[in-house]
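**Q** Provide a 3D model corresponding to the input given below.
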Amino acid sequence: MEKKRGSLMTVIVGAILGAVILTGVMVELFSINSTIAYNRVNTAAYTERLTDDIKTELINETQEAMSVCSIMYSRYEAGEMTLDEAKKEAADIIRELKYNDGAGYFWVDTSQGINVVLLGRDTEGQSRWDATDPNGTKYIQEMIKNGMQEGGGFTQLMFAKPNETEPLPKLNYTAYYEPFDWVMGTGVWIDYIDGLTADYIAEANSALGATIFKSVCAMVFMIIVGLILAIYMGKRITRPIILTTNQMVKMANSDFSNTPEIAEVAKLKNNNNEIGLISNALILMHTNIRELMLKITDTTSYVASASEELSASASQSAEASEMVANSCTTVADSCAGQITAVSGASEETKIFVNNMQEFQDAISRTGEMIQTTNEAASKGAADMTNATNMMETIKTSVENSAEVVDGLGEKLKNIDTFVVTISEIASQTNLLSLNASIEAARAGEMGKGFAVVASEISKLADQSNEAASSITELIEDIMKSSEDAVTAMREGAQSVVEGTEVVNEAGQTFNRIVDMVYSISEESSRMNEIVGELSNGTETIAENINKIEQMSVNVADETQNVSAASEQQTASTHEVAEASDKLAENAQELQSFVARFDL
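**A** Numbers count the residues shown, from 1 in each chain. The predicted structure is shown next:
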């Protein structure tokens, strides 16, 4: 118990002390980080303020140099000097301008990078456009670009001081004076800013060290105070917990007697915190369990005697229920045999009904197929009749075509007559042309023109004769083809006549088929009606057998229900008897268990 008590005390003290230390460390770290961040912000602000001061000074100095250019340009505009003289005068004055005890000077370059003013050095009059610092920055181009912006601009570069060779960081300001096309500026080395910043940082770090020392001293004081507070609070928390724990251990060891420790625990109920709630709950649990044990002790004796009487009554009831169950089982077995026989007859009847139904379905399908065949045969007969009519129409058309072709042959013969007449006319014309030629020859010079006409008439007669011969040959070919067509049409007409006879015979055959199919259909319908009547009779028989079977099943079910109820009652009675025995045993065990408690 002392080990546990010391362990709980250690946990509480450690938790409070750890919280104090953690809080102090976190506050100290936050304070240090805040101070460091504050110093960084101030250092950056200090550096920025120094840089802004330098930029302001550079702008002001450059404006002073530009005022010189403005004065000279005004004199040029007034006609007092030329533009070149104004530029030279301004350059000489700017070259001699100095500030900051001579450390600050000015330079001037054109927008193309030609140097105009630079302390009188050799670079004046030469191009500095590609001048580069050690960092690779083309600073002349940068200064010209920044200076030609509105309001000028600043350029940072690395450049050596006068009479020195080491490049140092420098900040230049340039501005553009448009009338002279000059980019003028000045600059200052800013390496001294780093020294001032370093001094400022050193002072800030010194102040930070002093602040940290004071914070550590305050944190150690807080830890000491926290340790004292932790020990005090640990004792206040652990004492009621120890009292409650000791009482719970006694209760766990079956000790529910009223001891002095219970009175001490009861005093803790007045605490308005979780300890008071635990103490109140413990006292209530002790009281309730003690009262329960006392009641159990009083009732276990009565339960033991009552369970013995209940066990005896349950045994007698079980014997009677078992006899009833045996009788019901015998009746159920008899009903089961009857159900088996009726079920067999019902199955056979169902098979017969199913067979009749299948037979009826087959006859129905046969009737449908016969009906379909009848419709197909009727349609075939109608189609044969239509075919016969079409054959007659074709025969008539072929005969008419033959007559037309014969008439065409007769007309061609008439054309042949005309051709013969044309041929005779051509012969007469040719003879007339010959006589005209003879007469023209007799006439001499007077008949030359008539001879030409006679010659042309002779040629025309020859051409007419040749055309008539060609027409004669063509007419002979057409007449031969017409005769062949007439012969073919007559043969086709004969084939149509023969086909018409065959189609008529097929139509008669289809009509006979239709009659026979119609007779079969009527017989099939009658057979279907007879099978339907037989099927209805078998269905009635099956329904009666099913009713008998159902009634037998109901009787058997009721018998089985009675038997099952009897068996269930018997089982329940046995269970009651067993429960009674078990209750008696439990009552004895409960008495033994309660006897272990100190009340």
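**Q** Give me the residues contacting the longest strand that the chain contains.
**A** Criterion DSSP state E: the longest strand present in the chain is strand 167-177. Strand 167-177 has contacts (CB atoms under 8 Å, 6 or more residues apart in numbering) with 51, 54-55, 58-59, 62-63, 66, 69-70, 111, 133-134, 139, 143-144, 146-148, 151-161, 182-191. Yep, even glycine has a C-beta here, placed from its N, CA and C like the rest.
**Q** Can you turn the buried part of those into a PyMOL selection?
**A** Selection command for PyMOL covering only the buried members of the contacts of strand 167-177, criterion 16 or more other CB atoms under 10 Å:
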select buried, resi 54+58+59+62+66+69+133+139+143+144+146+147+152+153+154+155+157+159+182+183+184+185+186+187+188+189+190
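**Q** can you map out the helices along this structure?
**A** 2-77, 83-96, 139-147, 191-252, 260-267, 274-443, 448-594 (DSSP state H).
**Q** rewinding a little: measure how the longest strand of the chain sits relative to helix 83-96, angle-wise.
**A** 150 degrees (axes from the mean of the first three to the mean of the last three CA atoms, to 10 degrees).
**Q** mind checking pLDDT for Ala345?
**A** As predicted, Ala345 sits at a pLDDT of 51.
**Q** typed the wrong thing, it's Leu277
**A** pLDDT, Leu277: 72.
**Q** Kindly report the same for the one 10 residues further on.
**A** The predicted local confidence for Thr287 comes out at a pLDDT of 75.
**Q** same question, Gly234
**A** Looking at Gly234, the pLDDT reads 76.
**Q** was I right about it contacting Leu17?
**A** No. If you go by CB atoms under 8 Å, Gly234 and Leu17 don't touch, sitting 10.0 Å apart.
**Q** How many residues are close by Leu8?
**A** Neighbour count for Leu8, taken as other CB atoms under 10 Å: 16.
**Q** how near is it to Gln149?
**A** Applying CB to CB, to the nearest Å, the value for Leu8 to Gln149 is 77 Å.
**Q** go on, Gly209?
**A** 47 Å.
**Q** try Asn42
**A** From Asn42 to Gln149 the distance is 32 Å (CB to CB).
**Q** go on, Thr47?
**A** 25 Å.
**Q** got it, and Arg40?
**A** Per CB to CB, Arg40 is found 32 Å from Gln149.
**Q** per-residue confidence averaged over stretch 357-368?
**A** On average, stretch 357-368 scores 68.
**Q** Start the count at 27 instead of 1 going forward.
**A** From this message on, residue numbering opens at 27, which makes the last subject stretch 383-394.
**Q** who touches the closest residue to Ser484 other than its chain neighbours in this structure?
**A** Closest residue to Ser484 apart from its sequence neighbours, by CB to CB, 6 or more residues apart in numbering: Ser459 at 3.8 Å. Applying CB under 8 Å, 6+ apart, we find Ser459 in contact with 480-481, 483-484, 487.
**Q** one more time with 10 Å
**A** 477, 479-488 (CB atoms under 10 Å, 6 or more residues apart in numbering).
**Q** Between Thr73 and Gln175, which is the more surrounded one?
**A** Legend: neighbour count by other CB under 10 Å for Thr73 and Gln175, higher for Thr73 (17 against 11).
**Q** what separates the residue lying closest to that one once chain neighbours are set aside from Gly213, distance-wise?
**A** Counting by CB to CB, 6+ apart, Thr73 lies nearest to Thr223, which is 5.2 Å off, once chain neighbours are set aside. Here Thr223 is placed at a distance of 20 Å from Gly213 (CB to CB).
**Q** Check Asn279 too.
**A** 96 Å.
**Q** ok, now Cys243?
**A** In terms of CB to CB, Cys243 sits 51 Å off from Gly213.
**Q** before we move on, what about Gly260?
**A** Using CB to CB, one obtains 72 Å as the distance from Gly260 to Gly213.
**Q** cool, and Thr498?
**A** Taking CB to CB, one finds Thr498 at 129 Å from Gly213.
**Q** How about Arg101?
**A** From Arg101 to Gly213 the distance is 29 Å (CB to CB).
**Q** Leu123 now?
**A** Noted for Leu123: a distance of 14 Å to Gly213, by CB to CB.
**Q** Overlap in contacts, those two.
**A** 87, 130-132.
**Q** now, which of these sits nearest Glu204?
**A** Nearest to Glu204, judged by CB to CB, of the shared contacts of Leu123 and Gly213 is Phe132 at 17.6 Å.
**Q** Surely that closest one touches Gly213?
**A** Yes. Contact between Phe132 and Gly213 holds when scored by CB atoms under 10 Å: they sit 9.4 Å apart.
**Q** Mind listing the shared neighbours of these two?
**A** Joint contacts of Phe132 and Gly213 (CB under 10 Å, 6+ apart) are 87-88.
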